[in-house]
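Q: Predicted coordinates and the sequence they were generated for:
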Amino acid sequence: MDDKDFAREALAWFFRHRDAAGKEYCAACLAQQLTRHTYGAFSDAALQAVLAECFEDPGPLRVRPRGLCAVCRKHRSCLGIARQAS
């Protein structure tokens, strides 16, 4: 598994975590959150590449062009996932 694969797995884990469900994050804040939660376990370049791919082709995630970031509270292009029904 290379850094990019690991970063992709970390992103998937982050959004499966109940605290992230229903929230949206801009790329800068999402990178900061992932680095903090994984203790910098992969390169910044790999993380930036994965985030860029996710904003282009989000798969199960959603992109909001003018979402409100849960961290910086600014209206930016944000990535998130729908809250799971309980």
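A: Great, that's in hand.

Q: can we go C-alpha only for contacts and neighbour counts from here?
A: Fine.

Q: What residues does Glu70 make contact with?
A: Heads up, residue 70 is Ala, not Glu. Ala70 makes contacts with Lys23, Glu24, Tyr25, as judged by Cα atoms under 8 Å, 6 or more residues apart in numbering.

Q: If we use 10 Å, what do you get?
A: Ala20, Gly22, Lys23, Glu24, Tyr25, Cys26, Cys29, Leu30, Cys78, Gly80 (Cα atoms under 10 Å, 6 or more residues apart in numbering).

Q: Kindly report the same for Thr38.
A: When contacts are counted by Cα under 10 Å, 6+ apart, Thr38 is found next to Ala7, Ala10, Leu11, Phe14.

Q: before we move on, which element is the third one in?
A: When secondary structure is defined using DSSP states H and E, the element that contains Leu11 is helix 3-16.

Q: so what does that helix touch, helix or strand wise?
A: On a contact count with 3 or more Cα pairs under 10 Å, 6 or more residues apart in numbering; DSSP states H and E, helix 3-16 meets helix 27-38, helix 44-56.

Q: what do you get if the cut-off is 6 Å, keeping everything else the same?
A: With contacts defined as 3 or more Cα pairs under 6 Å, 6 or more residues apart in numbering; DSSP states H and E, helix 3-16 has these neighbours: helix 44-56.
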